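Participant: need coordinates for the following:
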Amino acid sequence: MSEVQPRDFIIPLSQCATVSQDETLYDAVVAMEATRLLYQRWDYRPRLILVHDEDIQIVGTVRHFELLEAMEPGYKQLGGLRALSGADAPKEFWDSVREKYGLWADPFPELCLNASKLKITEVMRKPSKSEYMSKEASFGEVIHRMLAYNHPSLLVTESSQVIGVLRMSDIANHAINEMGRLREAKASG
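Facilitator: Sure thing, here's the model as predicted:
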């Protein structure tokens, strides 16, 4: 039996929620839900929407963070929440920012409806170089990349084309299972 590799946990592009860059956030959410229903396995809950161009090349991603951030247009006044979210500021600071900019003051249904009309290109993030990982990468390379850059998933490439996604949750579950298997083997051997 060959050793398990990270490539064994790749979710192929064909099983990922994808949407054209010409679509809206609502279209992307529909694609995410359709993907969830189509691949209804206990271990697969799509947490990522891949955005592609007319050549079907991946040009962006939308995670839950971007989806929720898009609901509150005031975050754009701040230059995007991601720029501030790494700051280890006290609760009082974040409360004052929310109050000063009137964040989340509008009714939740109104925020949802307005966000659903946004073009996906207004919401998506362009993946950084650190989010791409070769299909042949080792567990050490994959885990280090996820931890060092705080990436919950990586875009897997083969010949510079994105072929799928590796999720931290799947890699962590494998590590947990491997710990148990190795301890049992040692105890019985």
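Participant: for residue 119, which non-adjacent residue is closest in space?
Facilitator: In space, and not counting its chain neighbours, residue 119 is closest to residue 24: 6.1 Å by Cβ to Cβ, 6 or more residues apart in numbering. The C-beta positions use only the backbone N, C-alpha and C, and glycine is treated the same way.
Participant: kindly list the main-chain dihedrals of the one you found?
Facilitator: Phi and psi for residue 24, reported as degrees, to the nearest 10, are phi -100, psi 170.
Participant: ends of stretch 118-129, how far apart?
Facilitator: End-to-end distance of stretch 118-129 (Cα to Cα, to the nearest Å): 26 Å.
Participant: which residue ranges of this structure form helices?
Facilitator: In the chain, the helices defined using DSSP state H lie at 25-38, 64-71, 74-77, 81-85, 91-101, 108-116, 120-123, 139-149, 168-188.
Participant: before we move on, back to that, contacting residues around the residue nearest to residue 119?
Facilitator: Shown in contact with residue 24 (Cβ atoms under 8 Å, 6 or more residues apart in numbering): 116, 117, 118, 119, 120.
Participant: where does the third one land on pLDDT?
Facilitator: If you check residue 118, the pLDDT there is 97.
Participant: pLDDT weak spots in the chain?
Facilitator: 1-2, 40-46, 82-87 (pLDDT under 70).
Participant: can we see that at 50?
Facilitator: Residues of the chain that meet the criterion pLDDT under 50 lie in 1.
Participant: now do the same contact list for residue 20.
Facilitator: 51, 52, 53, 54, 120.
Participant: mind picking the two most distant members of those?
Facilitator: 54 and 120 (13.7 Å; Cβ to Cβ).
Participant: quick one on the thing from earlier: buried subset of the contacts of residue 20 as a ChimeraX selection?
Facilitator: ChimeraX command restricting the contacts of residue 20 to the buried ones, with burial defined by 16 or more other Cβ atoms under 10 Å:
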select :51,52,120
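Participant: which of the contacts of residue 20 fall within strands?
Facilitator: Those of the contacts of residue 20 mapping onto strands are 51, 52, per DSSP state E.
Participant: common neighbours of residue 54 and residue 120, please.
Facilitator: By Cβ under 8 Å, 6+ apart, the residues touching both residue 54 and residue 120 are 20, 21.
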